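Trainee: The following block contains a protein sequence and its predicted model.
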Amino acid sequence: MSGNSEYTTDEMMTVAASRELHDGVSCFVGIGLPSEAANLARATHAPNCFLIYESGTLGAKPDVLPLSIGDGVLAEHADSVVSVPEVFNYWLQAGRVDVGFLGAAQIDRYGNINTTVVGDYASPKVRLPGAGGAPEIAASAKEVIVILRHSRRAFVEKLAFVTSVGFGEGAGSREKLGYSGAGPSVIITDLGVLRPDPETREFTLTALHPGATVEQAKEATGWDLAVADELLTTDPPEARELEVLRDLKERTERAKRKAEV
Amino acid sequence: MSGNSEYTTDEMMTVAASRELHDGVSCFVGIGLPSEAANLARATHAPNCFLIYESGTLGAKPDVLPLSIGDGVLAEHADSVVSVPEVFNYWLQAGRVDVGFLGAAQIDRYGNINTTVVGDYASPKVRLPGAGGAPEIAASAKEVIVILRHSRRAFVEKLAFVTSVGFGEGAGSREKLGYSGAGPSVIITDLGVLRPDPETREFTLTALHPGATVEQAKEATGWDLAVADELLTTDPPEARELEVLRDLKERTERAKRKAEV
Amino acid sequence: MAEAEGRTGVVSLTEAIRELVEDGDTVALEGFTHLIPTAAAHEIIRQGRRDLTLVRMTPDLIYDQLIGMGCARKLVFSWGGNPGVGSLHRFRDAVERGYPHELEIEEHSHAGMANRYVAGASNLPFAVLRGYVGTDLPSVTKTIAPVECPFTGERLMAVPALRPDVAVIHAQQADSRGNVMLWGITGIQKEAALSAKRVIATVEEVVDEFRPRPFGIVLPSVAVDAIAVEPGGSHPSYAAGYYDRDNAFYEDWDPISRDREKFSDWMERHVLGTKDFSEYLKSIEKEVVRP
Amino acid sequence: MAEAEGRTGVVSLTEAIRELVEDGDTVALEGFTHLIPTAAAHEIIRQGRRDLTLVRMTPDLIYDQLIGMGCARKLVFSWGGNPGVGSLHRFRDAVERGYPHELEIEEHSHAGMANRYVAGASNLPFAVLRGYVGTDLPSVTKTIAPVECPFTGERLMAVPALRPDVAVIHAQQADSRGNVMLWGITGIQKEAALSAKRVIATVEEVVDEFRPRPFGIVLPSVAVDAIAVEPGGSHPSYAAGYYDRDNAFYEDWDPISRDREKFSDWMERHVLGTKDFSEYLKSIEKEVVRP
């Protein structure tokens, strides 16, 4: 693999996340970072991944990144467009989604996610947007990939609110809750990669992106972050990955500016 | 009204049934006699009635009579075509159907209908087609019109099987069953018209078609048929009604023959 | 039978049925008077499948044939007739006289069957509806049970999900990516397909790209396991945009199916005696002399 | 507001809102990032409706405006943000600081809300889904309850039906018979409309007859109580086939809505200060100076 030292940590994060998406899988995509990573995957190593957005677009093939979850660009080249009840009932709940691709405002050591409130629910410090499609993606997708920037505000010891369940209180929780999906398999951040411990299900730092350190990762994590014995280093973005990602973002910016005239 | 003595008892039945359908109502139509009567109504006094067929065609406007419940002619000029679950859930069960228009193999004094078996269920003498859409039409349409030929085989003292509920065991039954629709308001036969007694809900002969007699009706009914004090005589088919009905049937026959070449 | 690139492959119907339909399977061939998958039903008969649980809202000619040829152990349905003509004589012979053998039946209303498919497609164990109450259906059909609303206490009826092993549909078109498009009256086909473990679609033709059609729906490639091209594959029903209903055939079927021997001869000659559906279509064309 | 011939009449939006939306109503304005009924929301604000229970899966700018202008008593929703930009500041101000007054909230997931509409459209008291279990939502939202499958004994979650007094949608077209057509991403609009007691549709234009459109759906006239023609009526969202999303507006909304006074001034000038949506569109066009 050919490295490329001129890239941002965000680009590394997106590239690393995109690599988690295997070709041919069906992926339920959240807007923002997940959508960016999923479309990078589709434009590089996973041309046949089947992207599903909660707006009802099945097999979406956006040529620019959608600015919202229901952009016209998602419907234009989609294999099919169905209603919102159908996408949740006939596709997600039916077990037709291999990978759920989620972002998060807060996440805990078991991959549980909060996108509801910071502070007390009744009188919150920060009212976040809420659940959206995430709880059922977390429940029913065969596996879940989470992408978010590493910070103490995001990686917390205790969530103010559990919006979407990862591994609940650890090993065995999902089974007890009757969830069919296997839960979050990986968290990709701008510093590295966390994977669940096979026994405890606690998320453990298993790889660092080039240049990032264990100290940085621990500093940006609100719990005592476990580190794998064999800590890997992420392959830096390949020239082709960066080129495609930047082109995608540039075309998106152009489309955005055009939409603003 | 101008009479016309040259018509069959079947034509009288269809014309009488068509007159029961008021303009502007939404009508869930069964195939066969109900469909014939409903389309006669639409072609004469009720141009804006909204015909729904269980195949999912909403606002069907067939120019010939459909040969099956899912004929192309039903979809062609329909306002909308939806799936079978939608037509039953979002339209019929939702209370959007003013009139359910049903046929029957057997009917009893309370307008309950059998289209399932004659004889014992486990080893039937005659296995009939079964329920189809009828039970829920009978349950959820705001009112039900039944059309069938008058005979002792059809008008029975006791049904072998209750496929669709009319007034159950009489006054109060529907309320007890929790049915939202008012039940069958009229039975039109080739001899006359039966309407439910306001108190007992037992179907009572309230009108005879021209030429038919009370004796004929009693003879063709398997229970001791009650007769209204003031027995009306149905207005004979108007020239226009007959003309339109015959034209409709002729065009249907032509289309049928064409489909057979 | 998906190809390497994740697209559903076009295969022969012979292969599709051979690979995807097994003895003892629960099989739903759907099509609500439109787009009835006759070609696939015939291929199941040709390949001699046995002990099938046949599921279909409107068992008509194709189920009459499957039942008459002894393929079915059980029938799950809501209306069994020859649409626009009358009885299904092979179905009646099986139920009334156990010929060619006993046929277990599980019958519902259309609304019940439709919602059972919806529950299956939604991966829910049951569906809820208003109906059945006061009818004799719950006394003969075990798959109807009351359920209470946890908010209002209201009692409704529940029916269990249908999860066929195989669903078979006939559609107008597939595209080069393996998506399948139906338009016009699409009935219960989407739910039937999505409720099943395996899906076979026969199509009139393969096109490069779909264009918008009245009330068209597209079943994405990932939801279809095999596509077979069978022009005329839903004869004697119709395919909007391709051909009309062959009404005479429905009428002709009445005397053919009324008599056990006549039925057997007919099936022997036209279905078992032909190697595929295009031969079948030629074979019946030769025979029929119509005014 | 149906005409004598049973067709839904075309009326002014002013009249539609005046006749069909009352203080205290439960109102669902739906449109899943596409075809958002902005014109109708503005008219509700102009006419000063109060104590509304606002229902919407994705409360965005229009609900931020309704909440900020004090029209809402309660919000029933599943995701409240400025899509692609960030927070809804008026919504947050109401929830976090009770400004302009307390706002009761009832929150669900998308799947829960979608199924609540489905139950409403189906005249069922509740819907069943897999979800919510293990999350904190059931502890703060009373309209989530367990339900058991009467066949398998499996426990699932139930949510009660949504039955709004009024549903409002924006569609691309109405035809001369009063039918309403939407195409592209149609989200939850069909179910929202069919779940409501009264339905208002604003449309881009009236055409003689519809033609087939990609993934088009038609809501028949009998299911619509009033149609109002409002070209551009879903700005700043988009209407496939008519105009694109005005992304700059979504970004501009962030600083406008962040500040209480700036928000009030803006609403005063552009919404309360204009007599209808076409004046509003002109009014914001004059103001915006974009690079």
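Mentor: Nice, I can see it. Residues are numbered from 1 along each chain as shown, chains lettered A, B, ... in the order given.
Trainee: which ones are touching the closest residue to chain D within chain A?
Mentor: Closest contact between chain A and chain D, by C-beta to the nearest C-beta, is at residue A:70 (3.0 Å). Where you see a C-beta, it was placed from the backbone N, CA and C, and this is true even at glycine. By C-beta atoms under 8 Å, 6 or more residues apart in numbering or on different chains, the contact list for residue A:70 reads A:53, A:55, D:32-34, D:83, D:185, D:187.
Trainee: Next one, pLDDT for it please.
Mentor: Looking at residue A:70, its pLDDT is 81.
Trainee: Could you report the neighbour count for the closest residue to it other than its chain neighbours?
Mentor: Excluding the flanking residues, the one nearest residue A:70 by C-beta to C-beta, 6 or more residues apart in numbering or on different chains is residue D:33, at 3.0 Å. Residue D:33 has 26 neighbours, counted by other C-beta atoms under 10 Å in any protein chain shown.
Trainee: Touching, residue D:33 and residue A:69? I think so.
Mentor: Yes: Residue D:33 is within contact range of residue A:69, at 5.8 Å (criterion: C-beta atoms under 8 Å).
Trainee: Now do the residue of chain C found nearest chain B against chain A, distance only.
Mentor: At 3.1 Å from chain B, residue C:33 is the closest residue in chain C, using C-beta to the nearest C-beta. As for residue C:33, its distance to chain A is 24 Å (criterion: C-beta to the nearest C-beta, to the nearest Å).
Trainee: That residue against residue B:66, yeah?
Mentor: No: with contacts counted by C-beta under 8 Å, residue C:33 stays clear of residue B:66, the gap being 9.0 Å.
Trainee: Output the lowest mean pLDDT helix or strand found in chain C.
Mentor: The helix or strand of chain C with the lowest confidence, counting by mean pLDDT, DSSP states H and E, is helix C:277-287 at a mean of 91.
Trainee: contacting residues around residue 145?
Mentor: With no chain named, the answer covers chain A. A:17, A:20-21, A:34, A:99-102, A:184-186, A:188.
Trainee: my question was about chain C
Mentor: C:138, C:157-159, D:150-151.
Trainee: Please report how far the residue nearest to residue C:258 when sequence neighbours are not counted lies from residue B:117.
Mentor: In space, and not counting its chain neighbours, residue C:258 is closest to residue C:89: 4.7 Å by C-beta to C-beta, 6+ apart. Residue C:89 is 16 Å from residue B:117, where distance means C-beta to C-beta, to the nearest Å.
Trainee: of these two, who's got more company?
Mentor: residue B:117 (26 against 21).
Trainee: The more buried one and residue B:123 touch, don't they?
Mentor: No: the criterion here is C-beta under 8 Å, and residue B:117 misses it with residue B:123 at 9.4 Å.
Trainee: what ranges of the stretch 151-291 of chain C fall below the confidence cut-off?
Mentor: For the stretch 151-291 of chain C, the stretches with pLDDT under 70 are C:288-291.
Trainee: Can you say which helix or strand has residue C:251 in it?
Mentor: In this assignment (DSSP states H and E), residue C:251 forms part of helix C:247-258.
Trainee: Give the buried residues for the helix or strand following that helix.
Mentor: Downstream of helix C:247-258, the next assigned helix or strand under DSSP H and E is helix C:260-267. For helix C:260-267, the neighbour count (16 or more other C-beta atoms under 10 Å in any protein chain shown) marks C:263, C:266-267 as buried.
Trainee: Between helix C:260-267 and the helix holding residue C:251, find me the angle.
Mentor: 130 degrees (axes from the mean of the first three to the mean of the last three C-alpha atoms, to 10 degrees).
Trainee: And for residue 158, the neighbour number?
Mentor: Using chain A. So residue A:158, with other C-beta under 10 Å, has 12 neighbours.
Trainee: Hmm, no, I was thinking of chain C.
Mentor: 24.
Trainee: That one: what secondary structure?
Mentor: What DSSP: H, G, I helix; E, B strand; the rest coil gives for residue C:158 is strand.
Trainee: Who are the contact partners of it?
Mentor: Residue C:158 neighbours (C-beta under 8 Å, 6+ apart): C:126-129, C:144-147, D:149-151.
Trainee: Now for those residues, which sits with the most neighbours around it?
Mentor: Neighbour-wise, those (other C-beta under 10 Å) top out at residue C:129, 28 neighbours.
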